[in-house]
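Asker: What follows is a predicted structure for the sequence shown.
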Amino acid sequence: MTRIAVVVGAAGGIGRALADRLTADPGFARVVALSRRRPEGWAGDWLPADILDERTLAMAAQAIAGIGAPERIVVATGRLHRTGLMPEKAMRALSVEALTELFAVNAAGPALVAKHLLPLTPRDRPSVFAALSARVGSIGDNRLGGWYGYRTSKAALNMLIRTLAIEHARTRPLGVCVALHPGTVDTALSQPFQAGVPDLLAPGRAAAALLAVMDRLTPADTGGFFAWDGTPVPW
Ligand SMILES: NC(=O)c1ccc[n+]([C@@H]2O[C@H](COP(=O)([O-])OP(=O)(O)OC[C@H]3O[C@@H](n4cnc5c(N)ncnc54)[C@H](OP(=O)(O)O)[C@@H]3O)[C@@H](O)[C@H]2O)c1
């Protein structure tokens, strides 16, 4: 059987490492990369997709359905900063524009990916849909404050995943739907905030760990939030 994996956001630091690891895994015959632009040097299957443009997601879903039912779908898109938008250190920095943008990319986008791709997963065998969240989106773990937009958009993503998991289980009891914290990983997203991080992970190491966590998940884990080492993260 052709086992298929899909990586959404495959041009990003962690997304690319996930796509490369899955390609090297003989357990998967096809790895389909989705991103706004073809990942540099990527010779495998690629479909253009902007997670905020449902038309591109619908077209990608149709193309994937023509290949088969994906057993792994990883959503590795996300935003923490860009030029002119940095995480808020204090409430005086809050703006509706920044909050709206972060909620769109970090919460609405993965929800739309689920809308179009979760129905492609097989009904008769296990599958895993994982969205990369962040430990800072944990309400229970929030001791430092700050980073309002990123924290709250990831908390919203976590609730979306939990809600999707409940609906998904009704038609696909073997399907698992989770939020994953990748660790602090050496990518463009974390680059301005890496000083003093004791255990910065290389993207390849994080990707290998995340894929190992996905391999170990069972239907009892659906709707959960797990770190790269497999430990549950508090909501
Ligand atoms: N790195 C860390 O330490 C860390 C820690 C905790 C959680 N995470 C989470 O892990 C995930 C991956 O992060 P990363 O470190 O790999 O960051 P990254 O290298 O910046 O990759 C993020 C990717 O998201 C894509 N993206 C943003 N908006 C998009 C849209 N509308 N449509 C399609 N793609 C879009 C970007 O695409 P373009 O290339 O087209 O801009 C980029 O390739 C994110 O959800 C992040 O929040 C990362």
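Answerer: On my side now, so go ahead. Residues are numbered from 1 along each chain as shown.

Asker: Now for Ala108: which residues touch it?
Answerer: Leu52 (Cβ atoms under 8 Å, 6 or more residues apart in numbering). In short, each C-beta sits where N, CA and C put it, glycine included.

Asker: does the residue with the largest distance to the centre of the chain count as helix, strand or coil?
Answerer: No residue in the chain sits farther from the centre than Arg92, which is 29.9 Å out by Cα atoms, centre = their mean. Counting by DSSP: H, G, I helix; E, B strand; the rest coil, the backbone at Arg92 sits in helix.

Asker: Over to Val176?
Answerer: Bear in mind the rule, three-state DSSP; under it Val176 is strand.

Asker: Was I right to think it contacts Leu217?
Answerer: Yes. Here Val176 reaches Leu217: they are 4.8 Å apart, a contact under Cβ atoms under 8 Å.

Asker: And the two? Which one has more around it.
Answerer: Shown here are Val176 and Leu217; by other Cβ atoms under 10 Å, Val176 has more neighbours (23 against 19).

Asker: Relative to the ligand, how far out is the residue farthest from the centre of the chain?
Answerer: 24 Å (Cβ to the nearest ligand atom, to the nearest Å).

Asker: Contacts only, for that residue.
Answerer: Per Cβ under 8 Å, 6+ apart, neighbours of Arg92: none.

Asker: Which positions in this protein make contact with the ligand?
Answerer: 9, 11-15, 35-37, 50-52, 76-80, 105, 109, 132, 134, 181-182, 184-185, 187-190 (Cβ under 6 Å from any ligand atom).

Asker: No further questions, thank you.
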